[in-house]
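1. with the input below, show me the fold.
(one chain, ligands or ions: 1)
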Amino acid sequence: MGPMDGRVVVVTGANSGIGRETALTLARLGATTVLACRNATRAAEAARAISSGAGTDDVHVVGLDLADLSTVGPCAETILGGWPRLDVLVNNAGGIWSSRTVTAQGFEQTFGVNHLGPFLLTRLLAERLATSAPSRVVTVASFGHHFAQLGMRLSDLQSEHGYVALEVYARSKLANILFTKELARRLAGTGVTANAVHPGPVRSGFGMDGDLGGIQGWGNKVVRAFEISSRAGARTSVFLASSPEVEGMTGGYWVRRKPGHLSRPARSQRAATELWEVSEQLLGDAGFAPPPLPANAPAGT
Ligand SMILES: NC(=O)c1ccc[n+]([C@@H]2O[C@H](COP(=O)([O-])OP(=O)(O)OC[C@H]3O[C@@H](n4cnc5c(N)ncnc54)[C@H](OP(=O)(O)O)[C@@H]3O)[C@@H](O)[C@H]2O)c1
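-> Numbers count the residues shown, from 1 in each chain. Predicted coordinates:
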């Protein structure tokens, strides 16, 4: 018997890095583990490794490309149809892109993949999380949000008037924190908690796919010397997904399993509400209006 026996957990981007270690650890703790990934071959390979590493067949793959919102609904439908409950959603998938590219719906890639896609997926799964309560949403943000000193810059959310990869990434991670804050507020009373994580500087595949040309090289090698393993990086995600110590705690930002330090823009309730409303509007305009949040939410939409 493991502490997560009978619990259903979805981890996005679980085929590599922090997500893979998070899924492996939760599977070892007894959870039914669903890997939501964009590449079927990489995901199947990860599922096999997690199955054998955790000694369970209860590891599953669903397709999800956060850069194409048309895949998010079918992913949610597969999850809702495949399992009667959902105890934990870990919004882990994310990326950084050296030059400006856009998603299938024309959103700037970093904002689309790191924020808008997870926003829609969470909304589509929120009702099931509520009927399975107590349940948890864990979103992998970053210390990097501190570099978005000017906040979300709503006037240029799509980074059309200037693109600096690290800044755009920082804003997307700030978005993860503001999303978590507002989600926690709107789900108050439903038994669904929402928390954000900084995993630490992790030696994963992150930013190493050649996508970040200029940022790699000598400086990156120095940074890499201080990095921790993906397993260590998954610890805070696993803690928030499974520990009784954080039962009922919501709206937090966690580093090394403790409350972390937020930048000033990340503490703004107004920014959190504005981002929420703009995100809904953008999704609606693109033809992917999210469903209302479950009842008991005081400021439900
Ligand atoms: N590594 C760090 O030092 C660090 C620090 C702070 C925060 N983080 C955050 O930690 C999270 C996980 O990163 P990682 O370090 O484990 O990096 P990683 O090994 O590169 O993993 C990223 C995951 O996201 C997936 N992904 C990327 N684009 C996607 C899309 N369009 N649709 C669905 N999945 C997509 C990737 O899938 P593919 O394999 O198909 O590309 C991969 O599974 C990210 O949110 C990142 O921002 C990392």
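2. just the element for Arg171, please.
-> helix 165-186 (DSSP states H and E).
3. now that helix: average pLDDT?
-> Per-residue pLDDT over helix 165-186 has a mean of 98.
4. so which elements touch it?
-> Using 3 or more Cβ pairs under 8 Å, 6 or more residues apart in numbering; DSSP states H and E, the elements in contact with helix 165-186 are helix 109-111, helix 117-131, strand 135-140, strand 192-198, strand 252-255, helix 269-285. C-betas here are computed from N, CA, C, even on glycine.
5. which residues touch stretch 127-136?
-> 8, 79-80, 85-89, 137, 187, 190-195, 240-241, 247-248, 291, 294-296 (Cβ atoms under 8 Å, 6 or more residues apart in numbering).
6. start to end distance for it?
-> End-to-end distance of stretch 127-136: 12 Å, with Cα to Cα, to the nearest Å as the criterion.
7. average model confidence for that stretch?
-> Average pLDDT, stretch 127-136: 98.
8. can you check stretch 25-32 too?
-> 98.
9. burial of the closest residue in space to Gly94 that isn't next to it in sequence, as a residue count?
-> Nearest in space to Gly94, with sequence neighbours left out and distances taken as Cβ to Cβ, 6 or more residues apart in numbering, is Asn114 at 4.6 Å. For Asn114, the neighbour count with other Cβ atoms under 10 Å is 27.
10. so Asn114, which of the three states?
-> helix (DSSP: H, G, I helix; E, B strand; the rest coil).
11. pLDDT value on it, please?
-> 98.
12. quick one: residues contacting Arg28.
-> 2, 53-55.
13. the nearest residue to Ala54 once chain neighbours are set aside - how many residues pack around it?
-> With sequence-adjacent residues excluded and distances taken as Cβ to Cβ, 6+ apart, Ala54 is closest to Ala27, at 3.7 Å. Residues near Ala27, counting by other Cβ under 10 Å, number 26.
14. so that it lines up with my notes, have the first residue be 40 from now on.
-> Noted, 40 is the first residue going forward, which turns the last one into Ala66.
15. Ala66 and Ser268, how far apart?
-> 18 Å (Cβ to Cβ, to the nearest Å).
16. likewise Gly323?
-> Counting by Cβ to Cβ - Gly323 and Ser268 are separated by 41 Å.
17. rewinding a little: centre of the chain to the helix holding Arg210, how far?
-> Counting by Cα atoms, centre = their mean, to the nearest Å, helix 204-225 is centred 10 Å from the centre of its parent chain.
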